[in-house]
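>>> Have a look at this fold, sequence not included:
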């Protein structure tokens with residue numbers, strides 16, 4: 001099994017071009033099942049989640065071909081199967097998103113419960129209850145979901161915000177008979193990317209306001225050529241890599257509007273930020289100030305950015321407090337940072353209305369895990385040998401390894417990183433990092 005070996009100490013300088021967004025690429029592939037016409041996707045990301053989705057679609061009878069650099073041609077005219085194998089379902093955290101397209105094509109769907117990162121229970125109740133409002137008879141049997149029925153329009157309001165839940169119901173409602181209204185829907189740019197893609201195929205979807213989406217069902221979806229938005233999580237990763245190594249990185253194609261909350265916080269640290277027609281330049285220009293964050297669904301500070309911000313906090317002069325309100329268990333990386341020399345202490349925030357403050361379900365033993373950390377910096381980090389527990393923790397430990405000042409950091413289970421980052425180690429090497437994949 002592959003591992004990464006990192007020698008810290010080099011400032012990173014240069015330019016990196018963002019690939020297609022992880023949280024859009026494979027979901028638009030799933031949406032292609034809704035039409036019998038050819039779909040061509042441009043600016044695809046070359047990541048494991050895309051390869052897993054490709055295997056699932058092919059297993060269902062779809063045809064996928066490389067159509068040029070970063071491009072895929074997908075034709076699902078001859079789908080023959082409504083069952084996704086348990087193994088492939090478990091490799092993907094988005095197996096529920098196949099339910100809508102498979103119901104539209106076959107009137108039934110059989111999928112295993114999602115896999116993905118172990119960052120806390122995924123609130124599938126929000127997906128299931130929403131699907132029931134659209135006429136779906138759905139049963140949970142052992143580790144499988146069995147769905148049947150004819151999709152019809154309906155109204156559903158999410159009790160708590162759900163990014164993947166919103167996308168699941170969008171894909172179910174787009175071919176349903178009649179009108180669907182989704183309340184308290186997710187606002188993430190990747191959700192709007194899915195809406196734009198579906199509308200480009202002939203769907204009738206609009207936001208009535210920031211949190212309400214209206215879908216008028218249609219059975220007439222046409223072929224489309226669509227370019228996928230750049231990955232904003234990659235942009236944040238390279239921005240922080242530039243600052244902690246006292247470097248200077250231009251992130252090509254980074255879109256300012258997708259990163260507003262991150263950029264607002266980053267400006268407060270004293271980081272160098274420059275905008276241009278090329279994207280965004282991030283550079284170190286002096287001591288970094290500590291800035292507290294609390295994760296929230298978009299337009300708040302994204303939960304995926306939280307572990308990366310923790311590495312930045314270890315190099316800031318003062319105390320940073322981080323509160324995680326989106327996922328139950330997103331501090332998997334902390335023990336490894338502590339072993340590297342980071343000064344981190346857990347705490348539980350004093351929240352008056354936890355049910356409205358936290359986006360996860362409180363019944364999931366929320367009070368047994370800490371939801372805040374306090375980081376005192378700056379800390380001189382040393383190397384570590386560690387097994388990566390999840391995708392963002394993996395990127396976090398890579399960043400920490402870039403500034404470790406002794407021996408070599410060795411990271412195992414790097415398949416987690418490959419799920420969401422395209423050639424992270426290769427790109428960092430081109431920016432000056434001493435990093436080797438073995």
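Perfect, thanks for sending it. What you see is a predicted model, and the numbers here were worked out from it, not measured in a lab.

>>> Output the below-cut-off pLDDT ranges for this protein.
Judged by pLDDT under 70, the chain has its weakly predicted residues at 115-123, 364-367.

>>> Around residue 407, count how many other residues there are.
Residues within reach of residue 407, counting by other Cβ atoms under 10 Å, total 12. Where C-beta positions appear, they are placed from N, C-alpha and C, glycine not excepted.

>>> what are the ranges of the strands in the stretch 301-438 of the chain?
With DSSP state E, counting those that start in this stretch as the criterion, the stretch 301-438 of the chain has strands at 318-323, 343-347, 372-377, 385-387, 409-412, 434-437.

>>> could you redo those as CSV and give each row distance to residue 189 and mean neighbour count?
As requested, these are exported to CSV (distance: least, Cβ to Cβ, whole Å; neighbours: other Cβ atoms under 10 Å):
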stretch, distance to residue 189, mean neighbour count
strand 318-323, 23, 19
strand 343-347, 31, 15
strand 372-377, 27, 20
strand 385-387, 32, 17
strand 409-412, 29, 20
strand 434-437, 29, 16
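
>>> Let me have those strands in CSV, extended by distance to residue 242.
Below are those laid out as CSV (distance: least, Cβ to Cβ, whole Å):
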stretch, distance to residue 242
strand 318-323, 18
strand 343-347, 23
strand 372-377, 17
strand 385-387, 23
strand 409-412, 19
strand 434-437, 15
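
>>> Tell me which of these sits nearest to residue 57.
strand 434-437 (28.2 Å; Cβ to Cβ).

>>> Direction included, what does that closest one pair against?
strand 4-7 (antiparallel) (DSSP bridges).

>>> Give me the contacts around the partner strand.
Identification of contacts with strand 4-7 by Cβ atoms under 8 Å, 6 or more residues apart in numbering yields 383, 398, 401-402, 404, 408-411, 414, 417, 425, 433-438.

>>> And stretch 196-213, end to end?
13 Å (Cα to Cα, to the nearest Å).

>>> Can you give me the buried ones in it?
197-198, 201-203, 205, 211, 213 (16 or more other Cβ atoms under 10 Å).

>>> now swap in stretch 52-68 and tell me
52-57, 60, 62, 64, 67.

>>> got the residue ranges for the helices in the stretch 251-400 of the chain?
Along the stretch 251-400 of the chain, counting by DSSP state H, counting those that start in this stretch, helices occupy 260-269, 306-314, 334-339, 354-357, 391-403.

>>> Which strands and helices lie in contact with the last one?
Right, helix 391-403. strand 4-7, helix 232-244, helix 306-314, helix 334-339, strand 409-412, helix 415-420, helix 424-430, strand 434-437 (3 or more Cβ pairs under 8 Å, 6 or more residues apart in numbering; DSSP states H and E).

>>> try it again with 7 Å
strand 4-7, helix 232-244, helix 306-314, strand 409-412, helix 415-420 (3 or more Cβ pairs under 7 Å, 6 or more residues apart in numbering; DSSP states H and E).

>>> Identify the residues contacting the last one?
Where contact means Cβ atoms under 7 Å, 6 or more residues apart in numbering, the residues beyond helix 415-420 that reach it are 22, 47-49, 388, 390-391, 394-395, 424.

>>> Equivalent analysis for stretch 276-286, please.
By Cβ under 7 Å, 6+ apart, stretch 276-286 touches 239, 242-243, 246-254, 256, 270-274.

>>> Now the buried members of those residues.
Applying 16+ other Cβ under 10 Å to the contacts of stretch 276-286 flags 239, 242-243, 246-251, 253-254, 270-271, 273 as buried.

>>> Is residue 283 bridged to anything, and to what?
Going by DSSP bridges, residue 283 forms beta bridges with residue 248, residue 272.

>>> Now do it against residue 342, distance only.
24 Å (Cβ to Cβ, to the nearest Å).

>>> So for those two, which sits in the more crowded spot?
residue 342 (25 against 18).

>>> tell me the contacts of that one?
Contacts of residue 342 (Cβ under 7 Å, 6+ apart): 314, 375, 379, 381.

>>> from these, which two are the most distant?
375 and 381, at 12.0 Å, using Cβ to Cβ across the contacts of residue 342.

>>> Would you mind pulling the contact partners of the helix or strand harbouring residue 24?
Following DSSP states H and E, one finds residue 24 within helix 22-31. Residues from elsewhere that reach helix 22-31, judged by Cβ under 7 Å, 6+ apart: 41, 44-45, 47, 49-50, 53, 57, 74, 94, 97-98, 101, 167, 171, 190, 193-194, 197-198, 226, 228-229, 231, 233, 420.

>>> Summarise which helices and strands whichever helix or strand comes after it is packed against.
Note on helix 22-31: by DSSP H and E, the next helix or strand toward the C-terminus is strand 38-42. Strand 38-42 makes packing contacts with strand 72-75, strand 224-227 when contacts are defined by 3+ Cβ pairs under 7 Å, 6+ apart.

>>> closest to residue 175 out of those strands?
strand 224-227 (15.2 Å).

>>> For the closest one, buried residues please.
Applying 16+ other Cβ under 10 Å to strand 224-227 flags 224, 226 as buried.

>>> Could you tell me how far it lies from the centre of the chain?
21 Å (Cα atoms, centre = their mean, to the nearest Å).

>>> Tell me which stretches of the stretch 51-200 of the chain form helices.
86-91, 99-106, 124-133, 163-173, 189-200.

>>> Make TSV from those and add distance to residue 308 to it.
What follows is the helices of the stretch 51-200 of the chain, written out as TSV (distance: least, Cβ to Cβ, whole Å):
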stretch	distance to residue 308
helix 86-91	24
helix 99-106	32
helix 124-133	27
helix 163-173	18
helix 189-200	18
